[in-house]
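S.K.: Next comes the sequence, and after it the predicted model I'd like to discuss.
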Amino acid sequence: MAIRIAIAGASGRMGRMLVEATLAAADCQLHAALVRPGSDSLGQDAAAFLGKDCGVAIGADLKALEGADVLIDFTRPEGTLAHLAACRAYGVNMIIGTTGFGDEESAAIHAAAGDIAIVHAYNMSAGVNLLVKLLEIAGKALNVGYDVEVIEMHHRMKVDAPSGTALMLGETVAEAQGRTLKDAAVYAREGITGARESGTIGFATLRGGDVIGDHTVIFAGLGERIEISHKASNRTIYAQGSLRAAHFLADKTSGFYDMQDVLGLR
Ligand SMILES: NC(=O)C1=CN([C@@H]2O[C@H](COP(=O)(O)OP(=O)(O)OC[C@H]3O[C@@H](n4cnc5c(N)ncnc54)[C@H](OP(=O)(O)O)[C@@H]3O)[C@@H](O)[C@H]2O)C=CC1
Ligand SMILES: O=C(O)C1=N[C@H](C(=O)O)C[C@H](O)C1
């Protein structure tokens, strides 16, 4: 039977990619397309932006979740938390791609995974999740004598910084080196900063144009520099990863997972 997929933020950059990917997948069915109350796209056909009619109208009533297998959510933290409550009420699994959560919001997502199955990942692409594995190795091998810096660049419309992916990559290195990102992170430098403190992980955030998502982790030593990079050139990588996650969740009713679980990289 086809997986019945509901999509939140259906008129957003990622929402549209997800609508297109779901309609193109033979083993998936678009169950509902959701936006915020008052959104311009309310009532339109979910495939109207493709010049097509798929028979699913964009709505704002979360009752539309009833009967869905999974909700894919790429919205904003406050939207995701509202959707989380509705998914819990209707027994619908959830794939969360939204970034920018605070600690309490992340804890609420973990808690909900006692009742529904959730894949929560700051980057759904296979490439970035492979990068995580490479960084586990590099972080351990280059633990002493190398300064770690994380650089990311995204489009001008992105609202959170550093990106969720940059934080995840920084956290991966910190953990590989027996530290926590909370203790190691330096998010800004300005003025007379003094020499770089050993053991810190620096972040640099660039924003501009239509850059989909570039991430580089630098290990800078004396006499050499190792750079591990990923550059996205199309948002389909995130949509395809999300559909893989939907298949992964098909036989699950509870539990918290990430893309390392989905891709078998754990
Ligand atoms: N994990 C991953 O692989 C990826 C994650 N992302 C993340 O996904 C999120 C969305 O990115 P993107 O698609 O570029 O953003 P957009 O701004 O293009 O789209 C966001 C969508 O969410 C809707 N929305 C905003 N606030 C709420 C709310 N409170 N309740 C319900 N819906 C809401 C918007 O509706 P409206 O149009 O009415 O404002 C819009 O449809 C970001 O957090 C981004 O970082 C992005 C790409 C990959
Ligand atoms: O907002 C985006 O566009 C992206 N957000 C995610 C993040 O914050 O890491 C993933 C990807 O880099 C694109």
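M.R.: Okay, I see it. Ligands and ions are numbered 1, 2, ... in the order given.
S.K.: Going by C-alpha atoms from here, please, whenever you check contacts or count neighbours.
M.R.: Fine.
S.K.: how much space between residue 48 and ligand 2?
M.R.: 22 Å (CA to the nearest ligand atom, to the nearest Å).
S.K.: Hmm, I typed the wrong one, I wanted residue 59.
M.R.: 23 Å.
S.K.: count of neighbours near the closest residue to that residue other than its chain neighbours?
M.R.: Spatial nearest neighbour of residue 59, excluding adjacent residues (CA to CA, 6 or more residues apart in numbering): residue 34 at 5.0 Å. Around residue 34 there are 27 other residues, counting by other CA atoms under 10 Å.
S.K.: just use 159 as the starting number from now, easier for me
M.R.: In the new count, where the first residue is 159, that last one comes out as residue 192.
S.K.: Spit out the contact partners of residue 192.
M.R.: Contacts for residue 192 (CA atoms under 8 Å, 6 or more residues apart in numbering) come out as 164-168, 216-220.
S.K.: can you do 7 Å?
M.R.: Residue 192 makes contact with 165-168, 216-218 under the criterion CA atoms under 7 Å, 6 or more residues apart in numbering.
S.K.: Using ChimeraX, define a selection of the buried residues within the residues you listed.
M.R.: Buried residues among the contacts of residue 192 (16 or more other CA atoms under 10 Å), as a ChimeraX selection:
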select :165,166,167,168,216,217,218
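S.K.: Let me know the closest of the contacts of residue 192 to residue 407.
M.R.: Distance to residue 407, by CA to CA, is smallest for residue 165 among the contacts of residue 192, at 15.3 Å.
S.K.: how about the lengthiest helix in the chain against ligand 2, any contact?
M.R.: Counting residues, the longest helix found in the chain (DSSP state H) is helix 284-299. No: judged by CA under 6 Å from any ligand atom, helix 284-299 makes no contact with ligand 2; its nearest approach is 9.0 Å.
S.K.: residues in contact with that helix?
M.R.: So helix 284-299 is contacted by 327, 330-331, 334-335, 388, 399, 417-418 (CA under 7 Å, 6+ apart).
S.K.: now do stretch 342-352
M.R.: Residues from elsewhere that reach stretch 342-352, judged by CA under 7 Å, 6+ apart: 357-361.
S.K.: so which of the residues you listed comes closest to ligand 1?
M.R.: Distance to ligand 1, by CA to the nearest ligand atom, is smallest for residue 361 among the contacts of stretch 342-352, at 16.7 Å.
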